[in-house]
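Asks: need the 3D shape of this:
(one chain, ligands or ions: 1)
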Amino acid sequence: MMPYSYVDLLGEFQIGSAHPGGFDRTKAVLQKESFEKEMKVLDVGCGTGDSAFYIAKTFNCHVVGLEHHPVMIRTLEQRKKKEQTSIQIIEGTVENLPFDSKMFDFVLCESLLAFVDINQALNECYRVLKDNGTLIINEMIVKDMTIGDRETFKEFYGVKELHDETQLVKKIERAGFKTIKPFHNSSPLPAQPIDIQLTPNIDPELLHVLDTHVKIQKELGKNIESIVLKCKK
Ligand SMILES: C[S@@+](CC[C@H](N)C(=O)[O-])C[C@H]1O[C@@H](n2cnc3c(N)ncnc32)[C@H](O)[C@@H]1O
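Replies: Okay, the predicted model is just below:
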């Protein structure tokens, strides 16, 4: 058992936009949406906050970033101070969102659903959205992955469940979303480079996690695709 998880690695190295297509895809997707200043936007499992800060700065709306990992929360707080951006950072879990119902116009969910109780997470996203609100999902999906490879993948990434497109869409529909449209070119992506600052006091165990991540991506990359879905309440 490794002492660090993949999400610990993201947090410790402050790796942002850890989702399919990275920050470029997020910008391309969000620019198709019309945000207004008075809108309330929730980024669930926002990680280091690249997307949440981008939305707040670009569209000037009220943005809430929700995270449950203490290192991510620390990074988000530091970033908020440094960048002087008025996003609200909330510690919590997507399965039990600490918000009243129908509070948000828009929920963003990037590379989160595989890690959590997906049905509960989707129900909660639905609950906190206003009527006619929008949920954008950018998630990994798997294709033709053997049972053994699935287990390897799940164990290393701390993933609860792997979905193909049909399974994912079914679960979104079951949560109550009306229109679910593929929203962006989600064709296979080249492996994304990881940009980290190496310093002499890095725990070698973290580098071991990074090394394993690179190996798994190389071996199983052919079975991993991604999808962007726009879902309306
Ligand atoms: C792969 S990262 C993606 C982070 C971010 N959305 C991005 O695209 O960079 C998954 C994130 O989900 C967070 N997370 C995992 N389980 C969660 C849960 N139950 N509730 C809220 N956040 C969670 C992790 O801490 C991690 O930051």
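
Asks: residues making contact with stretch 160-167?
Replies: 113-118, 139, 141-143, 145, 150, 153-154, 171, 227 (Cβ atoms under 8 Å, 6 or more residues apart in numbering). Heads up, the C-betas are built off the backbone N, CA and C, glycines and all.

Asks: of these, list those near the ligand.
Replies: Applying Cβ under 6 Å from any ligand atom to the contacts of stretch 160-167, one finds that Phe115, Val116 fall near the ligand.

Asks: and the contacts of stretch 160-167, which of them are in helices?
Replies: Ile118, Arg150, Phe153, Lys154, Lys171 (DSSP state H).

Asks: could you dump those to TSV with neighbour count and pLDDT?
Replies: Formatted as TSV, the ones in helices among the contacts of stretch 160-167 follow (neighbours: other Cβ atoms under 10 Å; pLDDT from 0 to 100):
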residue	neighbour count	pLDDT
Ile118	22	97
Arg150	16	93
Phe153	21	91
Lys154	14	93
Lys171	18	97
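
Asks: those into JSON lines, with extra columns for distance to Asn201?
Replies: Below are those laid out as JSON lines (distance: Cβ to Cβ, whole Å):
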{"residue": "Ile118", "distance to Asn201": "37"}
{"residue": "Arg150", "distance to Asn201": "36"}
{"residue": "Phe153", "distance to Asn201": "30"}
{"residue": "Lys154", "distance to Asn201": "31"}
{"residue": "Lys171", "distance to Asn201": "43"}
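
Asks: tell me the one among the residues you listed nearest to Val209.
Replies: Phe153 (14.2 Å; Cβ to Cβ).

Asks: list the contacts for that closest one?
Replies: Val142, Met145, Val159, Leu162, Ile216, Leu220.

Asks: for those residues, which one is nearest the ligand?
Replies: Closest approach between the contacts of Phe153 and the ligand, by Cβ to the nearest ligand atom: Val159, at 9.7 Å.

Asks: Ala114 is in contact with that closest one, correct?
Replies: Yes. In terms of Cβ atoms under 8 Å, Val159 counts as a neighbour of Ala114; the distance is 4.6 Å.
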